[in-house]
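Engineer: Structural data only, the sequence is not supplied:
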C-alpha cells in the first residue's frame with residue numbers, strides 16, 4: 001500500500017491535508033475497503049536538522065477515517081507515548097537512538113500500538129537482531145531523515161533484500177524519495193508498504209498521484225505474485241549412467257529430452273563422457289543447440305571412471321580438478337538438474353544436488369527425475385530413512401521428454 005507522509009509545522013496544515021485527501025477520495029469513489037493509511041512525521045530538530053508539529057495528542061480531535069501512524073524522528077520518544085491516541089494505529093522510532101529502544105517498544109505495546117523500528121540508510125542490519133521478535137514491522141529510510149525532498153539512496157535496496165533473505169516474515173515499510181521511476185525497484189526489493197511524501201504533496205493534484213502510485217503498486221505486486229516461483233533458466237544439466245548405449249531406452253530418452261530442450265533455446269550441460277552425457281550432446285546438436293561439458297582428465301586411467309568420451313563432441317569445455325570437483329562445478333554451472341537412470345555415480349550426483357537444494361531452499365535449483373522408477377526409490381528412502389516432507393517437494397518426477405520440457409517452461413520466467 002502507498003502511505004502518504006505529512007511533514008508539517010502546524011496542526012492546521014496537517015488537518016487541511018487530511019481533509020483534502022479524504023474528500024477527494026470520496027469524490028473519486030475509490031475509498032479502500034481498508035481505510036487509507038497516512039503517516040505523520042514528527043521531528044524535534046535534535047535527531048534531525050528540522051522541527052515539525054509535535055503536539056501529537058491534538059490528533060485525537062481530528063475526525064478522520066484514515067488510519068494514522070507516527071514516525072518519531074526524535075531524540076526521546078517517551079513524551080509522545082503519554083496516552084493512546086485514538087486515530088493512531090502504528091508508531092515508529094529510529095533504532096539509532098538505542099538508549100530508548102527497549103522502553104519505547106514496551107510502552108508503545110502497552111498502549112496497544114503496532115510498533116516499528118526505523119533504520120537510517122547507514123544503519124547496519126545486525127542492530128535489529130535483538131528486536132525482530134518484539135516489533136510488528138521494520139521501516140527502511142531511503143533518504144537522510146528529517147526533510148522531505150532529500151535524494152533517494154538506492155544502496156538501501158540491497159539492505160532491504162538482505163533483510164528479506166532472513167525470512168523473518170516481518171512487514172517491510174520503505175520511506176523516502178520514492179516516485180513512479182523507482183517504485184518498482186523498491187517493491188521488488190521487498191517493500192510491503194511504501195511511504196511517499198514530497199512526490200505526492202508537491203504535485204498539482206496530490207490525490208491523483210496517490211491513486212496512480214497505488215495502481216502501480218498493485219500491478220507490480222500482481223506481476224511478482226505471478227512470477228514468484230519462476231526463475232530465469234539458461235543451462236540444463238543432464239545426469240545419468242555412463243554405460244548406456246545408443247540402442248538403450250534410457251539413452252534414447254535422454255537424447256530426445258535434450259533435443260526438445262535445445263529446440264526451446266536451452267543450453268545442455270553434461271560431464272563430457274559416454275552414455276547419458278553423450279546422448280545429451282547429440283540431442284542438443286540434433287536441433288542446432290549448444291552443449292557444455294564439465295570434464296575431469298585424470299593423470300592415470302581409473303578402472304571405474306569412464307573419463308571423457310572423444311565421441312562426445314561438445315561445443316565448450318570446463319576442465320576441473322577431480323571427480324567430485326567435476327560434479328560440483330557442473331551443478332554450479334546449470335540452472336536445472338535433470339537426472340536419468342544410472343549407477344552409484346548417478347546416485348552421488350543426485351544426493352549432492354538434493355541436499356544442496358534443501359540447504360538453500362528458496363534459492364535452490366529445480367531437480368527433475370526422469371522415469372517412474374524414481375518414485376520407488378523415494379518411497380524406499382521414506383520407509384527406511386529420515387525424510388522431511390519439504391525435501392520431497394523439491395523433486396519433480398517426469399516420465400516423458402515432453403513432460404520434462406513443459407515442467408521446465410512452467411518454471412522459467414522467460415518462457
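Structural biologist: Thanks, I have the structure now. The structure displayed is predicted, hence computed values, not measured ones. Residues are numbered from 1 along each chain as shown.
Engineer: how does the protein divide up, domain by domain?
Structural biologist: 2-227, 235-411 (automatic domain parsing).
Engineer: Adding mean pLDDT, write those out as TSV.
Structural biologist: Formatted as TSV, the domains of the chain follow (pLDDT from 0 to 100):
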stretch	mean pLDDT
domain 2-227	86
domain 235-411	94
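Engineer: tell me the helices in the stretch 1-150 of the chain, going along the chain?
Structural biologist: Remark: helices assigned in the stretch 1-150 of the chain by DSSP state H, counting those that start in this stretch are 11-28, 101-110.
Engineer: Flag every buried residue along the shortest one.
Structural biologist: Of the residues in helix 101-110, 101, 104-105, 107-108 count as buried by neighbour count, 16 or more other Cβ atoms under 10 Å. Every C-beta, even on glycine, is put in place using the N, C-alpha and C of the backbone.
Engineer: Run through the neighbouring helices and strands of that helix.
Structural biologist: strand 88-94, strand 114-119 (3 or more Cβ pairs under 8 Å, 6 or more residues apart in numbering; DSSP states H and E).
Engineer: Could you rerun that using 6 Å?
Structural biologist: Applying 3 or more Cβ pairs under 6 Å, 6 or more residues apart in numbering; DSSP states H and E, one finds that helix 101-110 contacts strand 114-119.
Engineer: mind listing what the strand it packs on pairs with, with the direction of each?
Structural biologist: strand 88-94 (parallel), strand 137-141 (parallel) (DSSP bridges).
Engineer: Residue 357 is nearest to which of the ones you listed?
Structural biologist: Minimum separation from residue 357 across the strands paired with strand 114-119 (Cβ to Cβ) falls at strand 137-141, 28.9 Å.
Engineer: any idea which helix or strand comes after the closest one?
Structural biologist: helix 156-165 (DSSP states H and E).
Engineer: Can you list the buried residues in that following helix?
Structural biologist: Quick answer for helix 156-165 (16+ other Cβ under 10 Å): 156-157, 159-160, 163.
Engineer: One more: stretch 59-72?
Structural biologist: 59, 62, 64, 66-72.
Engineer: rewinding a little: can you lay out the strands paired with strand 114-119 as a markdown table showing mean neighbour count and distance to residue 296?
Structural biologist: A markdown table is the format used below for the strands paired with strand 114-119 (neighbours: other Cβ atoms under 10 Å; distance: least, Cβ to Cβ, whole Å):
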| stretch | mean neighbour count | distance to residue 296 |
| --- | --- | --- |
| strand 88-94 | 24 | 55 |
| strand 137-141 | 24 | 46 |
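Engineer: Nearest to residue 360, out of the ones you listed?
Structural biologist: Here strand 137-141 is closest among these (Cβ to Cβ), at 24.0 Å.
Engineer: thinking again about what came up before, ok, which of the helices of the stretch 1-150 of the chain comes nearest residue 401?
Structural biologist: That would be, of the helices of the stretch 1-150 of the chain and by Cβ to Cβ, helix 11-28, which comes in at 53.8 Å.
Engineer: What are the contacting residues of that closest one?
Structural biologist: With contact meaning Cβ atoms under 6 Å, 6 or more residues apart in numbering, helix 11-28 is reached by 6, 8, 31, 53, 58, 64, 207.
Engineer: ditto for stretch 177-192
Structural biologist: Counting by Cβ under 6 Å, 6+ apart, 142-143, 152, 157, 160-161, 164, 171-172, 174, 194, 196, 199, 216, 220 sit against stretch 177-192.
Engineer: measure the nearest residue to residue 349 once chain neighbours are set aside to residue 379 for me?
Structural biologist: Once flanking residues are discounted, residue 349 sits nearest to residue 239: 4.6 Å by Cβ to Cβ, 6 or more residues apart in numbering. For residue 239, the distance to residue 379 equals 21 Å [Cβ to Cβ, to the nearest Å].
Engineer: cool, and residue 324?
Structural biologist: 28 Å.
Engineer: related to what we said a few turns ago, could you dump the strands paired with strand 114-119 into a markdown table and include distance to residue 185?
Structural biologist: Below are the strands paired with strand 114-119 laid out as a markdown table (distance: least, Cβ to Cβ, whole Å):
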| stretch | distance to residue 185 |
| --- | --- |
| strand 88-94 | 22 |
| strand 137-141 | 13 |
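Engineer: quick check, distance from the lengthiest helix in the chain to the centre of its chain.
Structural biologist: Ranked by number of residues, the top helix in the chain under DSSP state H is helix 206-227. Relative to the chain's own centre, helix 206-227 is displaced by 18 Å; criterion: Cα atoms, centre = their mean, to the nearest Å.
Engineer: so what does it touch, helix or strand wise?
Structural biologist: Checking 3+ Cβ pairs under 6 Å, 6+ apart, helix 206-227 ends up next to strand 2-6, helix 183-189, helix 198-201.
Engineer: and residue 271, which of the ones you listed is closest to it?
Structural biologist: Across these, the minimum distance to residue 271, taken as Cβ to Cβ, is reached by helix 183-189, at 36.3 Å.
Engineer: Residues touching the next helix or strand after the closest one, excluding its own?
Structural biologist: Sequence-wise, the next helix or strand downstream of helix 183-189 (DSSP H and E) is strand 193-196. For strand 193-196, contacts defined as Cβ under 6 Å, 6+ apart pick out 1-3, 5, 39, 173-175, 178, 186.
Engineer: What strands flank strand 193-196, and is each parallel or antiparallel?
Structural biologist: According to DSSP bridges, strand 193-196 forms sheet pairs with strand 2-6 (parallel), strand 172-175 (parallel).
Engineer: Check those strands for me and report the most buried one.
Structural biologist: Ranked by mean neighbour count, the strands paired with strand 193-196 are led by strand 172-175 with a mean of 24 (mean count of other Cβ atoms under 10 Å).
Engineer: Figure out how far that one is from the centre of its chain.
Structural biologist: Distance, stretch centre to chain centre, for strand 172-175: 15 Å (Cα atoms, centre = their mean).
Engineer: got the contact list for residue 318?
Structural biologist: Applying Cβ under 6 Å, 6+ apart, one finds that residue 318 lies in contact with residue 294.
Engineer: now it: how far from residue 296?
Structural biologist: For residue 318, the distance to residue 296 - Cβ to Cβ - is 10 Å.
Engineer: next one: residue 380
Structural biologist: From residue 380 to residue 296 the distance is 30 Å (Cβ to Cβ).
Engineer: contacts for stretch 143-162?
Structural biologist: By Cβ under 6 Å, 6+ apart, the residues outside stretch 143-162 that reach it are 7, 43, 48-50, 73, 121, 140, 142, 176-177, 189-190, 197-198.
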